[in-house]
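Asker: what's the 3D shape of this:
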Amino acid sequence: MTEQAGDRLGEFGRIERFFRPLAVGVPGAFDLTDDAAVLDIPADQQLVVTTDAMVSGVHFLPQDDPADLAYKLLAVNMSDLAAKGAEPLAYSLVTALPRAVGDEWVGAFAGGLGRAQKEFKVNLLGGDTVATSGPLSLTVTALGLVPFQRMIRRKGARPGDALFVTGHIGDAALGLKLAQGTLTSPVADNDRAYLLSRLRRPSPRLDFVASLRVFGTAALDISDGLIADLRHLALASKVRLHLDARAVPLSAPALRVLLSQPALRSLMLTGGDDYEVAFTAPQEKAEDIAAAAASAGIAVTRIGKVIEGDPGLDVSGTEGMSPDFGIGGWRHF
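Answerer: Numbering: from 1, shown residues only. This next block holds a predicted model:
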């Protein structure tokens, strides 16, 4: 998607045409015409800040649709806010683009951002756009609000708590294999579309934020893989978690794939990119949590418990799977 230099809008032309409309609704963004933005924070609230980056060849395939990239970039940051019990406030964006990337690509990317921010009820605050000789890189810093001292941390799980997860696990791992062309068995068109959509357009659980603040004792979003992230939560809380792999919720399309390739179940527990919320809560609140989840239209499943013992993770129900999950998910280094 290359263009001649003379046909380009240039840095400031792109900002004016593609990104300035995304800042409408944030008075302190000043239509992206100043060096910085300003936000008012209510006295009874605290600001939650999270940053996620996506790099071509690491987090997405070079041929991926720019509108999908934009949606996912914002969604993964919204997922971090959701796991902390925060309501989205605004976000900033940094794009590092190879010079071969043209205005058409940028326009499609901005269009995807516009659709995503409308869905997540958040607007662009500012950022930067630069050229790079390296791979395409995209970074969002998202800001959210929580009532004073009510952010849900990874630290806070207690022995006797139950362990829950929202949505389904493993769809994105299967979607990635489909995108890479490495899933060997045939997959029905509808199932293929669903699994790819879960990879490319995850659903941050923002509708569960208020309930999470009421019930959650510890929480994090599942980005690196369920096994790896539960270990992170256990270590932060200095507790031992027990996960029943048989209880991990799987979508109908994923279950149909597993019928032909049962060995993929281990991948689904470690593959990452789920962007669901795992959390602990008092086990006696399970019925209340189920009612709150139903009211929000979000599936929540009990998948384990917090037990006494050294910090770490035990996994049962692994018949037919490798007994050793290794690091249990993705690491950059």
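Asker: Tell me how many other residues crowd the residue nearest to P282 when sequence neighbours are not counted.
Answerer: Using C-beta to C-beta, 6 or more residues apart in numbering and skipping the chain neighbours, the partner closest in space to P282 is D161 (6.0 Å). In short, each C-beta sits where N, CA and C put it, glycine included. A count of neighbours around D161, defined by other C-beta atoms under 10 Å, yields 24.
Asker: Over to the one 4 residues further on?
Answerer: A count of nearby residues for V165, using other C-beta under 10 Å, gives 25.
Asker: One more: G25?
Answerer: If we define neighbours as other C-beta under 10 Å, then G25 has 12 of them.
Asker: wait, what's in contact with it?
Answerer: N123 (C-beta atoms under 8 Å, 6 or more residues apart in numbering).
Asker: Three-state assignment for it, please.
Answerer: coil (DSSP: H, G, I helix; E, B strand; the rest coil).
Asker: Phi and psi next, for it.
Answerer: The phi/psi pair for G25 (degrees, to the nearest 10) reads phi 100, psi -10.
Asker: how far away is it from P282?
Answerer: Between G25 and P282 the distance is 38 Å, computed by C-beta to C-beta, to the nearest Å.
Asker: ok, back up a step: backbone phi and psi for the residue nearest to P282, please?
Answerer: phi -70, psi 160.
Asker: Let me see the ranges of the helices in the protein.
Answerer: Listed in chain order, the helices of the chain (DSSP state H) span residues 10-14, 66-83, 103-120, 171-180, 189-200, 209-215, 226-237, 252-260, 264-270, 286-296.
Asker: most tightly surrounded among those?
Answerer: helix 66-83 (a mean of 25; mean count of other C-beta atoms under 10 Å).
Asker: Could you list the low-pLDDT ranges of the stretch 201-333 of the chain?
Answerer: Counting by pLDDT under 70, the ranges of the stretch 201-333 of the chain that qualify are 320-333.
Asker: contacting residues for the spatially most central residue of the chain?
Answerer: The structure's the chain has its C-alpha centroid closest to V76; by C-alpha atoms, centre = their mean the separation is 3.1 Å. With contacts defined as C-beta under 8 Å, 6+ apart, V76 is in contact with 52, 54, 202, 204, 223, 275.
Asker: Kindly write the ChimeraX command that selects the buried subset of those residues.
Answerer: Typed into ChimeraX, the line below selects the buried ones among the contacts of V76, using 16 or more other C-beta atoms under 10 Å:
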select :52,54,202,204,223,275
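Asker: May I ask which two of the contacts of V76 are separated the most?
Answerer: M54 and P204 (15.0 Å; C-beta to C-beta).
Asker: Could you give the number of residues near A188?
Answerer: Count around A188 with other C-beta under 10 Å applied: 11.
Asker: what sits against the closest residue to it other than its chain neighbours?
Answerer: Leaving aside its sequence neighbours, A188 sits nearest to R256 (C-beta to C-beta, 6+ apart; 7.3 Å). Contact analysis of R256 by C-beta under 8 Å, 6+ apart lists 187-188, 191.
Asker: Now tabulate those residues in CSV and tack on distance to L136.
Answerer: Supplementary listing: the contacts of R256 in CSV, determined by distance: C-beta to C-beta, whole Å:
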residue, distance to L136
V187, 29
A188, 32
D191, 30
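Asker: What is the nearest of those to L81?
Answerer: Nearest to L81 among these, counting by C-beta to C-beta, is D191 at 30.2 Å.
Asker: Tell me how far that closest one lies from V106.
Answerer: 33 Å.
Asker: What of E319?
Answerer: For E319, the distance to V106 - C-beta to C-beta - is 50 Å.
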